[in-house]
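Colleague: Give me coordinates for this.
(one chain, ligands or ions: 2)
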Amino acid sequence: MPQTLTLAVSPTGEPESAIARAAALLREGKLVAFPTETVYGLGADATDPDAVAAIFAAKERPASDPLIVHIADLEQLASVVAQTPPLALKLAERFWPGPLTLVLPRAASIPLNVTAGGPTVGVRMPSSVVAQKLLRAAGVPVAAPSANRFMRTSPTTAAHVMADLDGRIDCVLDGGPCAVGVESTVLDLTTTPPRILRPGAVTLEALREIAPGIEGPMTADIGSVARAPGQMERHYAPRTPLIVFAGQGERALAAIRTEAETALAQGKRVGALLPDNEISALDGLDARIEPLGADLAAVSRNLYAALRALDSAGPDLLLTHSYDDEGLGLALNDRLRRAAGGSLHPVE
Ligand code: TXA
Ligand code: MG
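Modeller: Ligands and ions are numbered 1, 2, ... in the order given. Here you go, the predicted structure:
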């Protein structure tokens, strides 16, 4: 693999020459990481099975985990899926371009390694201007998982991509930090009722405004194994052990403080991830704190970068808490639970 080429673009996709160069690489079967509104994706021509195979090799991702196909416009949808049920069109009209992935029957032109051998394909139309310009210039549907090594935290900057994949991919299009910061919602439309396989930036409440019957995700807590093989428990994980206390408010903060005091007394180095207005809960303690911002949207935008920053600072223990299971909180809790190895820590 040659050196990884970094091409800088503005959030509005200038200069066009950088987009054109990245698009040409995609058409040649090369691997190009690019920003979307959620996280950076590792893209390849979705109609080229060799290019798709190279994604799995670069990430060291098991072949059993299917990829999302990214499209520029609705015309391209017909080349990716075998059928478009009326509900898919309704959801596309409301949420595309945007962070919603629809699982639909696979079209024959999509190679089987994209779908992990399965009869369905996940497809989404990203809203990031850079992603849209790249997809339009490439002229092919682009298969792209998050541009991290398998089992690592998703990247929300080009520097995160390089930390995991420098020298393993051909190019990264650096369009700055991602606006949303957590991955798309994956909604399976091939089952009745439709079910969320992965909660994400489009909330369950918003989806139910269009289709009230949509089922929420099966959570790890009720012991189910979701259909998507990517939904394994240890995912989105930092290297450092992470404790996520269940719930918000005074009791969760008191539990974090007690845990931090105990660990510090044992000579451990402690990192914590807290919303801005909660940082004072650790006043007087020698812990490294990553502020997550003022509201849930900010927490989503900042979470992965904060996890990576703390992880590379080398502490022995990371501490945080979960959120109410509504709106973006559902996606955040899902990622936090997985990052913690599968479960939230109860608060007495
Ligand atoms: O926001 C996102 O979705 C980002 C950006 C780059 O678009 N992509 C992303 O891809 O998060 P990845 O591969 O890291 O996660 C995709 C998830 C996996 O859990 C995978 O198992 C699931 O979507 N998935 C993909 N195709 C599927 C299918 N046909 N059936 C069920 N699950 C599928
Ligand atoms: Mg991923």
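Colleague: Excluding residues flanking it in the chain, which one is nearest residue 91?
Modeller: Of all residues not flanking residue 91 in the chain, residue 210 sits nearest, at 5.9 Å (Cβ to Cβ, 6 or more residues apart in numbering). (C-beta placed from N, C-alpha, C; glycine too.)
Colleague: need the contact list for the one you found.
Modeller: Shown in contact with residue 210 (Cβ atoms under 8 Å, 6 or more residues apart in numbering): 87, 90, 91, 94.
Colleague: Next, the buried residues of the top helix by length along the chain.
Modeller: In the chain, ranked by residue count with DSSP state H as the criterion, the top helix is helix 296-313. For helix 296-313, the buried set under the neighbour-count rule, 16 or more other Cβ atoms under 10 Å, comprises 296-297, 299-308, 310-311.
Colleague: Dump those residues to CSV, plus distance to ligand 1 and pLDDT.
Modeller: Below are those laid out as CSV (distance: Cβ to the nearest ligand atom, whole Å; pLDDT from 0 to 100):
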residue, distance to ligand 1, pLDDT
296, 17, 97
297, 15, 98
299, 17, 98
300, 12, 98
301, 13, 98
302, 16, 98
303, 14, 98
304, 11, 97
305, 16, 97
306, 18, 97
307, 16, 96
308, 16, 95
310, 21, 96
311, 18, 92
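Colleague: hang on, the earlier thing: past the longest helix of the chain, which element shows up next along the chain?
Modeller: On the C-terminal side of helix 296-313, the nearest following helix or strand under DSSP states H and E is strand 317-321.
Colleague: ok, that following strand: who's next to it in the sheet?
Modeller: Applying DSSP bridges, strand 317-321 is found paired with strand 242-245 (parallel), strand 270-274 (parallel).
Colleague: Which one, of the ones you listed, ends up nearest to residue 35?
Modeller: Minimum separation from residue 35 across the strands paired with strand 317-321 (Cβ to Cβ) falls at strand 270-274, 22.8 Å.
Colleague: Send me the closest one as PDB with only the CA atoms.
Modeller: Extracted in PDB, the C-alpha atoms of strand 270-274 (Å, rounded to 0.1, in the frame of the first residue of the first chain):
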ATOM      1  CA  VAL A 270      -8.400   8.600  36.200                       C
ATOM      2  CA  GLY A 271     -10.100  10.200  33.200                       C
ATOM      3  CA  ALA A 272     -13.800  11.300  33.100                       C
ATOM      4  CA  LEU A 273     -16.200  12.400  30.400                       C
ATOM      5  CA  LEU A 274     -18.800  14.900  31.600                       C
END
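Colleague: average model confidence for that strand?
Modeller: Across strand 270-274, the average pLDDT comes to 98.
Colleague: Mind listing residues that contact it?
Modeller: For strand 270-274, contacts defined as Cβ under 8 Å, 6+ apart pick out 240, 256, 260, 263-264, 281-282, 285-292, 303, 306-307, 310, 313, 315-320.
Colleague: Which among the residues you listed count as buried?
Modeller: 240, 256, 260, 263-264, 281-282, 287, 289-292, 303, 306-307, 310, 315, 317-320.
Colleague: I'd assumed residue 146 was in contact with residue 67.
Modeller: No. At 10.2 Å, residue 67 does not count as touching residue 146 under the criterion of Cβ atoms under 8 Å.
Colleague: Between these two, which is the more surrounded one?
Modeller: Neighbour totals were compared for residue 67 and residue 146, and residue 146 leads with 29 against 26 (other Cβ atoms under 10 Å).
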